[in-house]
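Colleague: Have a look; sequence and predicted model below, questions after that.
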Amino acid sequence: MHTTVLVVGGGATGVGVARDLALRGVDTTLVERGALAAGTTGRSHGVLHSGARYAEADPDDAAACLAENRVLRDIAPDCIDETGGYFLQLDGDDPSYFERKREACDSLGMAVETLSGDALRDRVPEANPRVERALAVPDGVVSPASLVLATAAAAREAGAELYTHSPVEDVHVADGVVTGATVGGRLDARIEADVVVNATGPWAERCAALAGVDVPMAPTRGVMVAVDNPGVDAVLNRCRPPDDGDIVVPRDGTAVLGTTSVAVDDPDDFERTEHEIERTVAECAAMCPGVDAEVRDTYWGVRPLYAPDEAARDDARKISRGFALLDHAADGAAGLVTVVGGKLTTYRRMAEATADRVCERLGVDAECRTAKRALPASDDPAVADLRATLGVDAPAN
């Protein structure tokens, strides 16, 4: 079979690329080795970031989060719970970090509000009495499953073909140019393609290697712990440099606590430790004692961190959470494009940048339309059909 663009990966970024290209009139096929959202996307904490988490350390990435936060509220309201969020300073936390955070958010044009500890507890009674003050920010909660299904349904409606349980077994290169891929599983076909987009998240290094290309990744695992929700209805963040157990996310009657960051060699096969679960619960309970409750579920995600700098691998939390777009023409695989890194909040922007690069290669003169075009609602028959036929694997829901 033949397609103009083959997208590999059925997470948020992959389906986002397929939708964007299809809306530009590009013949697009997407393949995914499992069900939709079966990788990093379906195992995230589901925070719709305002950018506050990254404001003082990476203002460019924070600005991108803030912009996409606003876009997704417009185009995908059915996938989002507008909870709001708070950054909590506990006694013993560095007050100067709080000030830097607030100033950085202000500089981005973010709507923020400083609350005393008592004012925060008026809004979130479950917050620890040790909270001295808080910064209110426009965080929210997004359903990874709903967002991926809605985006995939929009991609199919625009003309993209989608195949799950169809792993890529080889990427073909002839005379320095990608010519397609061999796909197994349900599809079981050789696909000829002018461009192949590698949107496989923490598996990007493996996918690129099929074409003889090196994409240095430094994936890290993180645990999410779902407990009985003591009544928290907003996203709670610890106002300190990112560390284990610094976020509480209300989801479907539970509070999801996260997370850890431990390097893994294999994103398919890694250790899951009880210690990380216990540490995550204990640290989150410092913000909200009521979350030290019955554990309903745990799930582990793997972050797709791109680390071309070998030295950065020694401290994964210092690796940028922004995304990288790699064109492999200079690597002897023209027509192969890899998109790595990023986060769920910025998936649409990542897809737009990728589609821009692909269209430039193809000579397609068409603008991105995904920022203005609404996604289908969760009760749309097309979304229900995709859930039934392609499947979704997202414990984050």
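Modeller: All right, it came through fine.
Colleague: Okay, domains of this protein per the record?
Modeller: Following automatic domain parsing, the chain resolves into domains at 2-42+145-217+308-389, 83-139+220-303.
Colleague: for those domains, which one sits closest to residue 395?
Modeller: Between residue 395 and these, the tightest spacing by CB to CB is seen for domain 83-139+220-303, at 4.2 Å. Where C-beta positions appear, they are placed from N, C-alpha and C, glycine not excepted.
Colleague: Just the terminal-to-terminal distance for the closest one.
Modeller: Distance across domain 83-139+220-303, first residue to last, is 24 Å (CA to CA, to the nearest Å).
Colleague: Ok, stretch 362-374 next?
Modeller: 26 Å.
Colleague: ok, which stretches of the stretch 101-250 of the chain are strands?
Modeller: With DSSP state E, counting those that start in this stretch, the ranges of strands along the stretch 101-250 of the chain come out as 113-116, 131-137, 140-142, 161-163, 168-174, 177-183, 189-198, 220-228, 235-238, 247-251.
Colleague: so which of the ones you listed is the most packed in?
Modeller: strand 235-238 (a mean of 26; mean count of other CB atoms under 10 Å).
Colleague: quick one, what contacts the residue most central in space within the chain?
Modeller: Centroid-nearest residue in the chain: residue 344, 2.6 Å away (criterion: CA atoms, centre = their mean). Residues counted as contacts of residue 344 (CB atoms under 8 Å, 6 or more residues apart in numbering) are 12, 41, 44, 46, 47, 48, 142, 144, 147.
Colleague: List phi and psi for the third one.
Modeller: Here is the backbone geometry of residue 44 (degrees, to the nearest 10): phi -90, psi 170.
Colleague: And residue 5, how close does it get to residue 54?
Modeller: To residue 54, residue 5 is 31 Å away according to CB to CB, to the nearest Å.
Colleague: Pick out whichever of the two has more residues nearby.
Modeller: A direct count of neighbours by other CB atoms under 10 Å for residue 5 and residue 54 places residue 5 higher, at 28 against 24.
Colleague: next one: the helix or strand containing that one to chain centre, how far?
Modeller: Using DSSP states H and E, residue 5 sits in strand 2-8. On the basis of CA atoms, centre = their mean, to the nearest Å, strand 2-8 is displaced by 23 Å from the centre of the chain it belongs to.
Colleague: buried stuff in it?
Modeller: 3, 4, 5, 6, 7, 8 (16 or more other CB atoms under 10 Å).
Colleague: if you compare the domains of the chain, which one is most tucked away?
Modeller: domain 2-42+145-217+308-389 comes out most buried of the domains of the chain by mean count of other CB under 10 Å, with a mean of 21.
Colleague: And the helices in this structure?
Modeller: Applying DSSP state H to the chain gives helices spanning 12-23, 59-75, 95-107, 117-123, 144-157, 204-209, 274-287, 347-362, 381-389.
Colleague: so which of those gets nearest residue 297?
Modeller: Residue 297 lies closest, by CB to CB, to one member of the helices of the chain: helix 274-287, at 10.8 Å.
Colleague: and the closest one, how far out from the chain's middle?
Modeller: With CA atoms, centre = their mean as the basis, helix 274-287 stands 23 Å off its chain's centre.
Colleague: what's the closest of the helices of the chain to residue 187?
Modeller: The closest of the helices of the chain to residue 187 is helix 381-389. By CB to CB, the value is 13.6 Å.
Colleague: What is the closest one packed up against?
Modeller: helix 144-157 (3 or more CB pairs under 8 Å, 6 or more residues apart in numbering; DSSP states H and E).
Colleague: helices or strands next to the helix it packs on in the packing?
Modeller: helix 12-23, strand 28-31, strand 161-163, helix 381-389.
Colleague: mind saving the C-alpha coords of the strand holding residue 5 as PDB?
Modeller: Output in PDB follows, covering the C-alpha atoms of strand 2-8 (Å, rounded to 0.1, in the frame of the first residue of the first chain):
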ATOM      1  CA  HIS A   2       1.000   3.600  -0.500                       C
ATOM      2  CA  THR A   3       0.600   6.800   1.600                       C
ATOM      3  CA  THR A   4       2.300  10.200   1.300                       C
ATOM      4  CA  VAL A   5       3.000  10.300   5.100                       C
ATOM      5  CA  LEU A   6       3.300   7.400   7.500                       C
ATOM      6  CA  VAL A   7       3.000   8.500  11.100                       C
ATOM      7  CA  VAL A   8       4.300   6.000  13.700                       C
END
